[in-house]
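Build me a model from this:
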Amino acid sequence: MLRPQDGPTRERRSLGGLWSFRLDAEGAGRAEGWWRSQLAGAVDIPVPASYNDIFPDTTVRDHVGDVWYQTRVWVPAGWAGERTVLRFDAATHRATAWVNDVEVARHEGGYTPFEADVTAHLRPGAENRVTVVVNNELTWESIPPGRVEEREDGRRVQHYFFDFFNYAGLHRPVWLYTTPPVHITDITVTTSLKDTTGFVAYRVDSTAQADEHVVRVSLRDASGAEVHAATGAVGTLRIEDVHPWAPGDGYLYELEATLWSTSGDLVDSYRQSVGVRTVEVRGKEFLINGVPFYFKGFGKHEDAAVRGRAHDDTLMVHDFALLEWTGANSIRTSHYPYAEEVLDYADRQGVVVIDETAAVGLNLNIAGGVFGSGRKASTFSPDTVGESTLRTHLQAVRELVARDKNHPSVVLWSIANEPDNVQPEARDYFAPLAAEARRLDPSRPVAYVNALMGKPDECVVTDLFDVVLLNRYYGWYFGPDDLAAAETELEAELRQWAAAHDKPIVITEYGADTYPGLRSVVPSPWTEEYQTELLDVYHRVFDRVDAVVGEQVWNFADFATAPGVFRVDGNKKGVFTRERRPKGAAFSLRARWRKAD
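Presented below is the predicted three-dimensional model:
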């Protein structure tokens with residue numbers, strides 16, 4: 001799915017701004033046809049934004065069920081005769097949309113885009129009504145999963161199995177855009193290197209008839225100079241003295257695909273950024289452009305005060321500046337696909353990305369790292385994670401790859417975070433997911449993130465994947481306040497992984513909750529000193545185990561969670577506060593990572 005862009009044959013219009021908004025806890029709006037007229041009893045709400053924290057009202061914050069959005073948009077008269085598309089970059093967790101009185105789209109999944117051709121339903125040169133109902137309920141069929149409890153007092157309570165707040169709404173931009181009736185529908189690029197020569201294999205899909213139209217492509221360098229051109233919908237472009245995309249060097253070429261009529265008229269045009277680089281796993285090494293790469297960075301969240309999980313260019317640029325300040329070279333999109341603007345920026349900044357689906361919480365024996373009674377529960381069953389979950393999960397993988405396949409910053413697909421990987425049924429669940437990711441994109445390795453409860457002699461799925469991604473909390477959830485034991489146990493386990501599998505290991509989570517400003521001469525849990533010393537313990541171990549090729553601290557910044565006795569105003573594992581103020585550990589990481597450069 002191509003993103004909206006302006007160009008010689010295309011035009012886009014952002015629908016961002018204040019929309020009308022109304023809660024619908026009873027679900028009456030669908031039966032009563034609220035989309036057919038002005039949304040009654042509505043208030044203003046910004047789009048994009050999570051709705052939960054906008055108003056000082058627990059009814060809004062903790063709402064479970066449908067919410068309605070509506071706006072009016074004037075469609076230019078000049079758009080008559082053009083194909084017009086309505087696109088939502090994300091609606092969490094599912095949505096149905098109408099243009100005027102007509103339903104135009106339905107979508108399941110809260111973090112990938114969906115769109116509809118609305119040419120037949122819009123009135124150019126007039127005002128049009130756009131309405132969308134967004135539902136935040138999590139079930140055993142959704143990704144991520146959850147369940148809704150119907151209480152005796154009539155309240156509906158959402159239970160979810162992940163340790164971040166279940167923000168919902170229209171988190172990302174909404175667009176109207178045009179294309180010609182005959183148009184380019186998709187572009188796929190894959191790249192390779194041989195000595196100083198780069199190769200860009202491309203495929204341009206369109207609605208054109210092959211005998212009536214011609215596809216031409218042109219590749220330009222960053223200065224705008226053409227380096228290669230070709231004719232045909234499929235081909236390979238050659239770049240002599242190529243400037244590769246590399247970590248810390250986000251050099252991008254631009255591929256322009258054009259569609260021409262046989263009479264020589266331009267029909268459609270689309271521009272696609274291209275970073276020429278290779279990714280390979282060889283034994284225990286992770287190679288970018290044939291050079292061993294060591295991941296330094298963080299798990300992050302799209303999370304900020306008031307706006308929740310909404311995309312914000314200002315915060316994005318600031319966060320990337322802080323990544324550079326620490327010396328980080330990578331992030332993981334934990335635990336869902338981020339806004340595509342983030343990947344665009346990572347492409348330009350040369351920041352490496354582990355790209356993750358929203359499959360978090362597929363484990364009834366763990367809940368956000370806070371463990372229960374020790375009783376074993378069955379994660380995989382017809383009543384919990386089953387065939388319906390798998391179908392949704394497979395679609396989530398397809399949509400992730402379809403959206404992000406052309407981003408050079410994305411070097412690894414992560415198809416789940418901390419799932420149950422011990423039960424025998426886990427293998428039957430994850431085998432088709434790994435196979436589908438590889439079928440869709442043979443150019444990148446595939447992995448999943450392993451929780452502490454699945455060690456190498458217990459995990460039944462590691463051999464399905466290319467890289468070992470580990471979340472480990474020795475010294476925090478396991479043996480808090482005993483860093484000596486943490487060091488011994490961590491090293492023993494990592495050596496066990498290295499001996500059992502000829503694969504690179506990336507530690508995708510490690511850290512400790514830290515209350516900013518809490519200091520102690522003798523480090524103890526929750527103090528800034530303890531966070532720093534715990535990270536130092538892990539770093540000493542990483543440096544001793546050659547199979548470890550990366551460290552991503554959990555977390556970049558403090559973030560919101562569901563309220564509970566284990567959380568003090570959210571998860572405090574950030575090395576920055578939620579407001580992006582550094583804790584002591586941020587300076588320690590900066591010293592380590594910048595020294596390594």
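
ok, now how distant is the closest residue to residue 338 other than its chain neighbours from residue 92?
Closest residue to residue 338 apart from its sequence neighbours, by CB to CB, 6 or more residues apart in numbering: residue 302 at 5.8 Å. Using the backbone N, CA and C atoms, a C-beta is placed for each residue, glycine as well. Distance of residue 302 to residue 92, computed by CB to CB, to the nearest Å: 11 Å.

so for stretch 377-384, what's the average pLDDT?
Stretch 377-384 shows a mean pLDDT of 87.

What are the neighbouring residues in contact with residue 50?
Contact analysis of residue 50 by CB atoms under 8 Å, 6 or more residues apart in numbering lists 92, 167, 168, 169, 171, 307, 308, 309, 310.

Equivalent analysis for residue 112, please.
Contacts for residue 112 were tallied using CB under 8 Å, 6+ apart; they are 90, 337, 396, 399, 400, 403.

out of the residues you listed, which is most surrounded?
Counting neighbours by other CB atoms under 10 Å, residue 90 leads the contacts of residue 112 with 30 neighbours.

Out of the contacts of residue 112, flag the one nearest to residue 57.
Among these, residue 90 lies closest to residue 57 (CB to CB), at 23.6 Å.

so the closest one makes contact with residue 113?
Yes. In this structure residue 90 lies within contact range of residue 113 using CB atoms under 8 Å: 6.6 Å.

Overlap of the contact sets of these two?
With CB under 8 Å, 6+ apart, residue 90 and residue 113 have common neighbours residue 172.

Restricting to C-alpha, output the host helix or strand of residue 134 in PDB.
Using DSSP states H and E, residue 134 sits within strand 126-135. C-alpha atoms of strand 126-135 as PDB (Å, rounded to 0.1, in the frame of the first residue of the first chain):
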ATOM      1  CA  ALA A 126     -19.200  20.300  -2.000                       C
ATOM      2  CA  GLU A 127     -18.900  19.500   1.700                       C
ATOM      3  CA  ASN A 128     -18.800  15.800   2.700                       C
ATOM      4  CA  ARG A 129     -19.200  14.000   6.000                       C
ATOM      5  CA  VAL A 130     -16.700  11.500   7.100                       C
ATOM      6  CA  THR A 131     -17.600   9.300  10.100                       C
ATOM      7  CA  VAL A 132     -15.700   6.500  11.800                       C
ATOM      8  CA  VAL A 133     -16.500   4.300  14.800                       C
ATOM      9  CA  VAL A 134     -13.400   3.000  16.600                       C
ATOM     10  CA  ASN A 135     -13.500   0.100  19.000                       C
END
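
can you tell me which residues contact the residue lying closest to residue 471 once chain neighbours are set aside?
Closest residue to residue 471 apart from its sequence neighbours, by CB to CB, 6+ apart: residue 509 at 3.6 Å. If you count contacts by CB under 8 Å, 6+ apart, residue 509 has them with 299, 334, 449, 470, 471, 472, 473, 552, 553, 554.

State the distance from the nearest residue to residue 339 once chain neighbours are set aside to residue 84.
Of all residues not flanking residue 339 in the chain, residue 311 sits nearest, at 3.9 Å (CB to CB, 6+ apart). Per CB to CB, residue 311 is found 24 Å from residue 84.

Comparing those two, which residue is more hemmed in?
More crowded of residue 311 and residue 84, by other CB under 10 Å: residue 84, with 25 against 20.

ok, that one - contacts?
With CB under 8 Å, 6+ apart, residue 84 has these contacts: 75, 117, 118, 119, 122, 124, 176, 177, 178.

My understanding was that the second one contacts residue 85; is that so?
Yep, that's residue 117 we're talking about. Yes. Look at residue 117 against residue 85 with CB under 8 Å: they come within range, at 5.7 Å.

quick one, which of these two is more surrounded?
residue 85 (21 against 13).

Return the helix or strand that that one is a member of as CSV; C-alpha atoms alone will do.
Per DSSP H and E: residue 85 is located in strand 83-88. Written as CSV, here are the backbone C-alpha positions of strand 83-88 (Å, rounded to 0.1, in the frame of the first residue of the first chain):
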residue,chain,number,x,y,z
ARG,A,83,-9.9,8.5,-8.2
THR,A,84,-10.3,9.6,-4.5
VAL,A,85,-9.1,7.6,-1.6
LEU,A,86,-9.8,7.9,2.2
ARG,A,87,-6.9,6.6,4.3
PHE,A,88,-6.5,6.0,8.0
